[in-house]
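Peer 1: what would the 3D arrangement of this be:
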Amino acid sequence: MRVTVTVHINIQCGALDNGLMLTPPMGWLAWERYRCDIDCENDPKNCISEKLFMDMADRLSEDGWKELGYVYVNIDDCWSSMQRDKDGRLQADPKRFPGGIKKLANYLHERDLKLGIYGDMGTHTCGGYPGTTLDKIELDAQTFADWEVDMFKFDGCYSNSTEQEKGYPLMSKALNATGRPIGYSCSWPAYQGGLPPKVNYTQLGEICNLWRNYGDIEDSWDSVIAIVDWFFENQEVLIPAAGPGRWNDPDMLIIGDFGLSLEQSRSQMALWAIMAAPLFMSNDLRTLSSSARAILQNKMIISINQDPLGIQGQRIVKEKSGIQIFWRPLSKNTSALLFFSRRSDMPYRYKTSLSKLNYTTGSYKVTDVYTYETTVLKDSSEFVVSVNPSGVVMWYVSAPAKLNSRLYFRGGHVQDFANEDNNNDIPYLL
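Peer 2: Below you'll find the model as predicted:
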């Protein structure tokens, strides 16, 4: 039995007026892979230090990542000294960052990369380092601007809901007041349960470029599945919140670490692309396997993720067999279609047709994003996809026929964004 899910959407227009992150940001983030490893004496290769971030910048610059859009190198918690300086400013731990954050920013900028940094809207960061209380917001925003930071993640440990309600908008205002373009990532909704009425996504879109809705990802398939389930079970709330300059953030890509199989790694990358999610890898780019690299550097999936319409995709079919189907509308009357297996036993042969998935009458060019195999399907022609356990089959779909968006967005305005250009070839490969 097939269950089809329809989302009723009303696209929001408000977005943070800083002109940044009109497509989901991409880069590398330290947290999941390195956490708060500050033991540079016994573990110099892996400790949170100037060298680690310079190493990752080198890899992004020299190994083909930057050209694909992976341009941010983001510091997370545990970078600072335990005390502010004599003027009350945050300061980097001098043993681990002897040149300071400004030197690191310069190193990245010389390579056409961008630096992200972490703070916390509370008395302390989650790791116990100095936080940013309400009276320090303007000072810290100016400090980050002086260091030429390009992105700021604002966590929420050791604060309460009243402080968060004041602090997150104040930081947005303070960052903009510096005159430096700084992308703003808010953890606010994650501390308020991620859903209305406690979370006001209209307000979030006006003050933040992206936000964490849910808990931290762990290096395990169970963690990925928990995040995916939460996002798509709440898709009716989350989809209209997202768009150019404002993104739901399901957290880091853990591809290339220890917890995911090859199939599961392909699945995370594909699902994050469907969700229009920020693509922040948290792995060791110095030792990354060729298979993990191939997934993370897949040009067609990146093109889907970076589609300029910025419409977050949705789950449209949930089968008792364990097969789920996801769909994302893209520019130029194209779309991404994803078949995902929740099974753990055998490859599953799933039979359907494009017309059953609410595609309009016509012939469609279908390209598998992992194999690059292309075929042409009539909407009425039945086909079979073989989906491996915990794996995906992902298609880029183009056609002369216009997609029937109204079947998915009854009562909404998504179809108003449709591009009538019939140039429906395979998307440009970066």
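Peer 1: doesn't V228 belong to a helix?
Peer 2: Yes. Counting by DSSP: H, G, I helix; E, B strand; the rest coil, V228 is part of a helix.
Peer 1: tell me what P329 is bridged to.
Peer 2: Taking DSSP bridges, one finds S335 as the beta-bridge partners of P329.
Peer 1: residues in contact with the residue most central in space within the chain?
Peer 2: Most central in the chain under C-alpha atoms, centre = their mean is P278, positioned 2.0 Å from the mean C-alpha point. Each residue near P278 by C-beta atoms under 8 Å, 6 or more residues apart in numbering is listed here: P24, P25, M26, L210, W247, D249. Backbone N, C-alpha and C define where each C-beta goes, glycine included.
Peer 1: before we move on, what about Y72?
Peer 2: Counting by C-beta under 8 Å, 6+ apart, Y72 has contacts P25, M26, G27, W28, L29, L113, K114, L115, G116, D150, M151, F280.
Peer 1: return the closest of these with respect to A336.
Peer 2: A336 has its nearest neighbour among those in M26, at 17.1 Å by C-beta to C-beta.
Peer 1: hmm, that closest one is touching F280, no?
Peer 2: Yes. M26 lies in contact with F280 (C-beta atoms under 8 Å); the separation is 7.2 Å.
Peer 1: give me the more crowded residue out of these two.
Peer 2: The neighbour comparison of M26 against F280 (other C-beta atoms under 10 Å) goes to F280, with 27 against 23.
Peer 1: that one in helix, strand or coil?
Peer 2: Under the three-state scheme (three-state DSSP), F280 adopts strand.
Peer 1: the residue of the chain positioned farthest from its centre in helix, strand or coil?
Peer 2: Relative to the centre of the chain, the most outlying C-alpha is that of K86, 37.4 Å out, by C-alpha atoms, centre = their mean. Secondary structure assignment for K86 (three-state DSSP): coil.
Peer 1: helix or strand for G27, which one?
Peer 2: Assigned by DSSP states H and E, G27 belongs to strand 26-29.
Peer 1: centre of the chain to the longest helix seen in the chain, how far?
Peer 2: What stands out as the longest helix in the chain, according to DSSP state H, is helix 161-177. Chain-centre distance of helix 161-177: 22 Å, with C-alpha atoms, centre = their mean, to the nearest Å.
Peer 1: likewise stretch 236-246?
Peer 2: Its chain's C-alpha centre and that of stretch 236-246 lie 12 Å apart, by C-alpha atoms, centre = their mean.
Peer 1: got the CA coordinates for that stretch in PDB?
Peer 2: C-alpha atoms of stretch 236-246 as PDB (Å, rounded to 0.1, in the frame of the first residue of the first chain):
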ATOM      1  CA  GLU A 236       5.000  20.900   6.400                       C
ATOM      2  CA  VAL A 237       6.500  23.300   8.900                       C
ATOM      3  CA  LEU A 238      10.100  23.200   7.700                       C
ATOM      4  CA  ILE A 239       9.700  23.500   3.900                       C
ATOM      5  CA  PRO A 240       8.200  27.000   3.800                       C
ATOM      6  CA  ALA A 241      10.800  28.300   6.300                       C
ATOM      7  CA  ALA A 242      13.700  27.600   3.900                       C
ATOM      8  CA  GLY A 243      14.800  29.500   0.800                       C
ATOM      9  CA  PRO A 244      17.600  31.700  -0.600                       C
ATOM     10  CA  GLY A 245      19.400  33.200   2.300                       C
ATOM     11  CA  ARG A 246      17.600  31.100   5.000                       C
END
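Peer 1: the stretch 201-350 of the chain: helices as residue ranges?
Peer 2: 201-207, 221-233, 235-238, 262-274, 290-296, 299-305 (DSSP state H, counting those that start in this stretch).
Peer 1: and what of the stretch 51-200 of the chain?
Peer 2: Counting by DSSP H, counting those that start in this stretch, the stretch 51-200 of the chain has helices at residues 100-109, 137-146, 161-177, 188-191.
Peer 1: and of those helices, who's closest to A292?
Peer 2: Each of those has some distance to A292 by C-beta to C-beta; the shortest is helix 100-109, at 22.9 Å.
Peer 1: contacting residues around that closest one?
Peer 2: If you take C-beta under 8 Å, 6+ apart as the criterion, helix 100-109 is touched by 50, 53-54, 57, 73, 75, 79, 91-92, 94, 97, 114-115, 117, 146-150.
Peer 1: same check on stretch 213-223?
Peer 2: Contacts with stretch 213-223, where a contact means C-beta under 8 Å, 6+ apart, come from 31-33, 189-190, 194, 199, 224, 226-227, 230-231, 238, 248-252, 254, 257-261, 264, 390.
Peer 1: just to revisit the earlier point, switch the helices of the stretch 201-350 of the chain over to TSV; also include distance to E165.
Peer 2: Output for the helices of the stretch 201-350 of the chain, formatted as TSV (distance: least, C-beta to C-beta, whole Å):
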stretch	distance to E165
helix 201-207	10
helix 221-233	23
helix 235-238	19
helix 262-274	30
helix 290-296	37
helix 299-305	32
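Peer 1: the ones you listed: which one's closest to Y350?
Peer 2: Here helix 262-274 is closest among the helices of the stretch 201-350 of the chain (C-beta to C-beta), at 15.1 Å.
Peer 1: ok, back up a step: which among the contacts of Y72 gets closest to F339?
Peer 2: Ranked by distance to F339 (C-beta to C-beta), those are led by M26 at 24.8 Å.
Peer 1: surely N234 and L195 touch.
Peer 2: Yes. Contact status for N234 versus L195: in contact at 6.2 Å, counting by C-beta under 8 Å.
Peer 1: show me the shaky parts of the protein.
Peer 2: For the chain, the stretches with pLDDT under 70 are 1-15, 400-430.
Peer 1: hmm, 50 instead?
Peer 2: Along the chain, the model assigns pLDDT under 50 to residues 1-13, 401-403, 405-430.
Peer 1: domain map for it?
Peer 2: 12-305, 314-417 (automatic domain parsing).
Peer 1: residues in contact with D55?
Peer 2: By C-beta under 8 Å, 6+ apart, D55 lies in contact with L285, R286.
Peer 1: isn't V71 up against L115?
Peer 2: No. Between V71 and L115 there is no contact under C-beta under 8 Å: 10.1 Å.
Peer 1: just to revisit the earlier point, what is the strand holding G27 packed up against?
Peer 2: Judged by 3 or more C-beta pairs under 8 Å, 6 or more residues apart in numbering; DSSP states H and E, strand 26-29 is in contact with helix 50-62, strand 72-74, strand 114-120, strand 279-281.
Peer 1: perfect, that will be all.
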